[in-house]
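**Student:** fold the following, please.
(chains A and B)
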Amino acid sequence: ILNVEQSPQSLHVQEGDSTNFTCSFPSSNFYALHWYRWETAKSPEALFVMTLNGDEKKKGRISATLNTKEGYSYLYIKGSQPEDSATYLCAPRNYGGSQGNLIFGKGTKLSVKP
Amino acid sequence: DGGITQSPKYLFRKEGQNVTLSCEQNLNHDAMYWYRQDPGQGLRLIYYSQIVNDFQKGDIAEGYSVSREKKESFPLTVTSAQKNPTAFYLCASSTDSRETQYFGPGTRLLVL
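**Tutor:** Now for the predicted structure:
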């Protein structure tokens, strides 16, 4: 089973601040990395799927990078807004069989104060 | 509207009782999944199904059972053998087992 670490566990920022958090995972046998946003009382929502080393994806003010050789991904939020408050989950996937299932980190809980 | 529905939103289980959580999707997805969330933990995979009439155990299958008789439906039964069933349960589906998963709203199971 993959060991997935997300840091920090929680983060409190002011509206307008830019922020970033980290997802670390074993780099061997890597297939893909998924980022999800989970707002309170809603379903987790897919943000990005990343597969290649050096991948960079962007969706509005949110972007993510991927380093498969060292086993980490960063998620950046530029100019945080209160509606960005959510738990951000990363989930890497390996090649093959049951190892091909997503393994979710515990998440980073972001709170943005107006 | 296409999506995934889970029912009920809250479910109460008595000691020794089996309960079934419903998950339905109209996205025409082949693969479906059940996850459990406990406080301070990541989502953990209970069971998954890559296609109708087939399912596989995930990391924490003990005390649970599933069926996949229809493409749209993947019910999860929490049996009396599951000694710590209190948790939040999420169902998800994807076009195939390698693609992005889409989640339902979840069911919170509580023990009386």
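**Student:** how about the secondary structure of the residue lying closest to B:Pro105 once chain neighbours are set aside?
**Tutor:** Once flanking residues are discounted, B:Pro105 sits nearest to A:Ser43: 5.3 Å by Cβ to Cβ, 6 or more residues apart in numbering or on different chains. For glycine as for every other residue, the C-beta is placed from the backbone atoms N, C-alpha and C. Secondary structure, DSSP: H, G, I helix; E, B strand; the rest coil: A:Ser43 is coil.
**Student:** please report phi then psi for A:Ser43.
**Tutor:** Backbone torsions of A:Ser43, given as degrees, to the nearest 10, read phi -80, psi 150.
**Student:** that one touches B:Gly106, doesn't it?
**Tutor:** Yes: counting by Cβ atoms under 8 Å, B:Gly106 is a contact partner of A:Ser43 at 7.1 Å.
**Student:** between the two, which contacts overlap?
**Tutor:** Common contacts of A:Ser43 and B:Gly106 (Cβ atoms under 8 Å, 6 or more residues apart in numbering or on different chains): B:Leu90.
**Student:** what sits closest to B:Leu109 if chain neighbours are left out?
**Tutor:** Distances taken as Cβ to Cβ, 6+ apart put B:Leu11 closest to B:Leu109, at 4.9 Å, once the chain neighbours are dropped.
**Student:** need the contact list for that neighbour.
**Tutor:** B:19, B:21, B:107-110.
**Student:** coming back round to it: how many neighbouring residues does the residue nearest to B:Pro105 have?
**Tutor:** 18 (other Cβ atoms under 10 Å in any protein chain shown).
**Student:** on the pLDDT front, check it for me.
**Tutor:** We have a pLDDT of 94 for A:Ser43.
**Student:** now do A:Gly100
**Tutor:** pLDDT recorded at A:Gly100 is 63.
**Student:** near chain B, which residues of chain A are found?
**Tutor:** A:1, A:4, A:31-32, A:34, A:42-46, A:49, A:89, A:91, A:93, A:98, A:100-107 (Cβ under 8 Å from any Cβ of the partner chain).
**Student:** show me what from chain B comes close to chain A.
**Tutor:** Applying Cβ under 8 Å from any Cβ, we find that chain B lies next to chain A at B:4, B:35, B:40-45, B:48, B:56, B:58-59, B:90, B:97-98, B:100-106.
**Student:** any idea how far B:Tyr10 is from A:Ser63?
**Tutor:** Distance of B:Tyr10 to A:Ser63, given as Cβ to Cβ, to the nearest Å: 37 Å.
**Student:** compare the two (neighbour count), which wins?
**Tutor:** A:Ser63 (17 against 8).
**Student:** so the more buried one makes contact with A:Met50?
**Tutor:** No: in this structure, A:Ser63 is not within contact of A:Met50 by Cβ under 8 Å, at 10.9 Å.
**Student:** overlap in contacts of the two?
**Tutor:** A:Lys57.
**Student:** what's the closest non-adjacent residue to B:Arg13?
**Tutor:** In space, and not counting its chain neighbours, B:Arg13 is closest to B:Val19: 4.8 Å by Cβ to Cβ, 6+ apart.
**Student:** burial count for that neighbour?
**Tutor:** Neighbourhood size, B:Val19 [other Cβ under 10 Å]: 19.
**Student:** what's near enough to touch it?
**Tutor:** For B:Val19, the contact set (Cβ under 8 Å, 6+ apart) comprises B:11, B:13, B:77-78, B:109.
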